[in-house]
Every structure is written in C-alpha cells, then in structure tokens.
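K.L.:
okay, here's the prediction I keep looking at, along with the sequence it came from:
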Amino acid sequence: MKISTKGRYAVRLMMDIAMNDSVEPVRLRDTAARQDISIKYLEQIISLLVRGGFVRSIRGPQGGYRLSKKPSEYTVGMILRQVEGCLAPVSCLETERNTCERQSECVTLRIWKELDEAIKGVLEKYTLEDLVEWQQEMGSDYVI
C-alpha cells in the first residue's frame, strides 16, 4: 500500500487548519504558502473534505475553512479514507463481507487480513490532535 500525494497533503491541510483556525478561518492561499502546496491542488482536496463533513466553509471577506469537529475526533485513517478511498491491501477486503470465490482455498488471505488489521491499527490509533501536539513539540516548521 502506498499513500498518494493527495492523501499526504490532506493530512497536512487538516493539520494546518487545526493549528491555525483558533482566531479566524484558515484561507487556502495561506495554507498553500505555509505548506508549499499548489492552491489548485488544495482546492481539489478541500472539496473532498467539505463533502465528507470534515471541514466547513465560511464565506465572505474574512472567510476560509474551519474543522467541523475537534482535532481529537479525527483519526489519520478517517482523513486518508476520505480522500484515498478504501485502504485495504487487496480488493477482496474492500467490503465488510468478502465475496471472493477463492477465499476458502486462498493461502495468502490470512496474510492480507493481518496486513489490513495492522494498517487500520496504526491509522486509527493516531488522531489529528496527536499530530498537532507532535508538531508543537518539534517547533513551527513541519513536513509530513
């Protein structure tokens, strides 16, 4: 499994909003400058996050974006799934019920299930709040 640039940038965008929306909504152009990410790319990502209810848009001259919930209520896995889709390592584990015709004779299914659980375990363990805290411990310049 490889997390795409879109997924990594979505986590960075959510972190940037979490760290900077205490006084006023965060403008994408400010995030683009801080994160050195194209504003066009951020616009694509923010639309997915708005559609998923992760952030809300504030209109007007003082507008921008704010998190819809507290940073502690977002796991890294939630953010990645919103922009990447399913994170299962193989297609037969993408849905709740495995409908693969070969599952009863698939020797490797055990490995794929264990890998899927490991991925979920890590991505669901850490929240946006954890990332913000780690960043504050490291200092003001951050890269994911």
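P.N.:
That came in fine, so what should we check first?
K.L.:
list the contacts of the residue of the chain positioned farthest from its centre.
P.N.:
In the chain, the residue that sits farthest from the middle, by Cα atoms, centre = their mean, is Glu105; the gap is 35.0 Å. By Cβ atoms under 8 Å, 6 or more residues apart in numbering, no residues touch Glu105. The C-beta positions use only the backbone N, C-alpha and C, and glycine is treated the same way.
K.L.:
for it, what are phi and psi?
P.N.:
phi -120, psi 10 (degrees, to the nearest 10).
K.L.:
over to Glu137?
P.N.:
On the backbone of Glu137 - angles per degrees, to the nearest 10 - the values are phi -70, psi -30.
K.L.:
about what we covered before: what distance do you get for the residue farthest from the centre of the chain to Val26?
P.N.:
From Glu105 across to Val26, the span is 52 Å (Cβ to Cβ, to the nearest Å).
K.L.:
cool, Met19 as well?
P.N.:
If you measure Met19 against Val26 using Cβ to Cβ, the figure is 9 Å.
K.L.:
with Tyr126 instead?
P.N.:
Noted for Tyr126: a distance of 21 Å to Val26, by Cβ to Cβ.
K.L.:
low-confidence ranges, the protein, go.
P.N.:
Low-confidence regions of the chain, defined here as pLDDT under 70, cover residues 140-144.
K.L.:
run the last query once more with 50
P.N.:
For the chain, no stretch is flagged by pLDDT under 50.
K.L.:
so what touches the helix or strand containing Lys40?
P.N.:
Using DSSP states H and E, Lys40 sits within helix 39-51. Around helix 39-51, the neighbours that count as contacts under Cβ under 8 Å, 6+ apart are 6, 9-10, 13-14, 28-29, 31-32, 35, 55-57, 65, 79, 82-83.
K.L.:
separate out the buried members of the residues you listed.
P.N.:
Neighbour counting over the contacts of helix 39-51 (16 or more other Cβ atoms under 10 Å) leaves 9-10, 13-14, 28, 31-32, 35, 55, 65, 79, 82-83 as the buried ones.
K.L.:
any chance of those residues in JSON lines, plus secondary structure and distance to Pro89?
P.N.:
As requested, the buried ones among the contacts of helix 39-51 are exported to JSON lines (DSSP: H, G, I helix; E, B strand; the rest coil; distance: Cβ to Cβ, whole Å):
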{"residue": "Tyr9", "secondary structure": "helix", "distance to Pro89": "22"}
{"residue": "Ala10", "secondary structure": "helix", "distance to Pro89": "20"}
{"residue": "Leu13", "secondary structure": "helix", "distance to Pro89": "25"}
{"residue": "Met14", "secondary structure": "helix", "distance to Pro89": "24"}
{"residue": "Leu28", "secondary structure": "helix", "distance to Pro89": "33"}
{"residue": "Thr31", "secondary structure": "helix", "distance to Pro89": "31"}
{"residue": "Ala32", "secondary structure": "helix", "distance to Pro89": "32"}
{"residue": "Gln35", "secondary structure": "helix", "distance to Pro89": "29"}
{"residue": "Val55", "secondary structure": "strand", "distance to Pro89": "28"}
{"residue": "Tyr65", "secondary structure": "strand", "distance to Pro89": "32"}
{"residue": "Ile79", "secondary structure": "helix", "distance to Pro89": "19"}
{"residue": "Gln82", "secondary structure": "helix", "distance to Pro89": "19"}
{"residue": "Val83", "secondary structure": "helix", "distance to Pro89": "18"}
